[in-house]
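Undergrad: Fold the following for me, if possible:
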Amino acid sequence: MKIYLICLGAILFFETFWFLLAWARGRNDVADVAWGFGFVVVAGVSLAMGDANAPRGLLVSALVLVWGARLALHIHARNAKRGEDPRYRQWREAWGRWFLLRSFFQIYVLQGTLLVIVAIPIIFVNGAAETPWTLFDGVGLLVWFTGFLFETIGDWQLLKFMRNPANKGKLMTTGLWSTTRHPNYFGEVTLWWGVWLIVCAIPNGWITLVGPLTITFLILKVSGIPMLEQHYAGRADFEAYKRRTSVFLPLPPRERSES
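TA: The predicted structure follows:
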């Protein structure tokens, strides 16, 4: 339990730093950059605290480092030349004089707490003793790479599309985005299930199931897909895109593209 509490403390300190940075910069969407880096912090802290430093823990920590750093740097590059994300700007307007207090607790403290819950498999594996490699490791690594490629390629395709002035005001509906409306979210959920499968190679590793279940619920039902799709709701092109494209799982388009 000690390792979990220390990781939680480290993340809350980390999130407080990002809250102060957001206050200074006048934009709360830096929280999206903090998300990826936060998992790197958890991996580093739990790895440093673990007694065994088993190869499996080193592997999972390396995977988290690659994923978290890439995601954070991608979001930073994406947001650098535009204003605050509309979701955060809406909260800024709605919260009024309680904006700072609610920002700290409802964005940064909440994000840090959820982050640690999602990261439970990382903490568990870094505190576990060395055990032989199993089929779970191989399958989990394959699932992780599948998710990582989906997220990385989907992000790259979208960024390339958005940087083309000819696409201003248009929807990205080609490439991986023709098979699912959210290839990046599908990728993120998938890679966390891959991490969990690797952790299942350890005795009782399956009990860390709360990690992938939490990120799946958040993306499918809370802060991921619902909030993003609400932003585009009612647009004729988006409604047509919804009718022919799977919301999450990559599937062939249901009908021929109208674009």
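Undergrad: list the buried ones in the helix or strand of the chain at the bottom of the mean pLDDT ranking?
TA: The helix or strand of the chain with the lowest confidence, counting by mean pLDDT, DSSP states H and E, is helix 86-95 at a mean of 86. By 16 or more other C-beta atoms under 10 Å, the buried positions in helix 86-95 come out as 87, 88, 91, 92. Quick note: C-beta positions are derived from backbone N, CA and C, even for glycine.
Undergrad: same deal with stretch 149-162?
TA: Quick answer for stretch 149-162 (16+ other C-beta under 10 Å): 150, 151, 152, 154, 155, 157, 158, 161.
Undergrad: How far does that stretch sit from its chain's centre?
TA: Remark: stretch 149-162 is offset 14 Å from the chain centroid, using C-alpha atoms, centre = their mean, to the nearest Å.
Undergrad: Kindly report the same for stretch 177-190.
TA: 12 Å.
Undergrad: now swap in stretch 95-110 and tell me
TA: On C-alpha atoms, centre = their mean, the centre of stretch 95-110 falls 21 Å from the chain's centre.
Undergrad: Can you tell me what sits against it?
TA: 12, 15-16, 18-19, 22-23, 28, 31, 34, 88, 91-92 (C-beta atoms under 8 Å, 6 or more residues apart in numbering).
Undergrad: quick one: buried residues of that stretch?
TA: Those would be 103, 104, 107, 108, 109, for stretch 95-110 by 16+ other C-beta under 10 Å.
Undergrad: Phi first, then psi, for the third one.
TA: Main-chain torsions, residue 107, degrees, to the nearest 10: phi -110, psi -60.
Undergrad: My read is that residue 139 contacts residue 196, right?
TA: No. Assessed by C-beta atoms under 8 Å, residue 139 is found out of contact with residue 196, at 10.9 Å.
Undergrad: immediately after the helix or strand residue 113 falls within, which helix or strand?
TA: Secondary structure from DSSP states H and E places residue 113 in helix 110-118. Tracing the chain past helix 110-118, the next element assigned as helix or strand by DSSP H and E is helix 120-126.
Undergrad: Against which helices or strands is the helix or strand following that following helix packed?
TA: The first helix or strand that comes after helix 120-126 along the chain, using DSSP H and E, is helix 135-162. Using 3 or more C-beta pairs under 8 Å, 6 or more residues apart in numbering; DSSP states H and E as the contact test, the elements touching helix 135-162 are helix 55-79, helix 183-199.
Undergrad: The last one relative to helix 135-162, how many degrees between them?
TA: What that stands for is helix 183-199. 160 degrees (axes from the mean of the first three to the mean of the last three C-alpha atoms, to 10 degrees).
Undergrad: Off-centre distance for helix 183-199?
TA: Distance of helix 183-199 from the chain centroid (C-alpha atoms, centre = their mean) equals 10 Å.
Undergrad: Just the mean pLDDT for that helix, thanks.
TA: Mean per-residue pLDDT for helix 183-199: 98.
Undergrad: got it, and the first one?
TA: Rounded to a whole number, the mean pLDDT of helix 55-79 is 95.
Undergrad: buried set for it?
TA: Buried residues in helix 55-79 (16+ other C-beta under 10 Å): 56-61, 63-64, 67-68, 71-72, 74-75, 78-79.
Undergrad: quick revisit: let's have the helices and strands packed on helix 135-162 in TSV, adding distance to residue 223.
TA: Shown next, in TSV, are the helices and strands packed on helix 135-162 (distance: least, C-beta to C-beta, whole Å):
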stretch	distance to residue 223
helix 55-79	14
helix 183-199	10
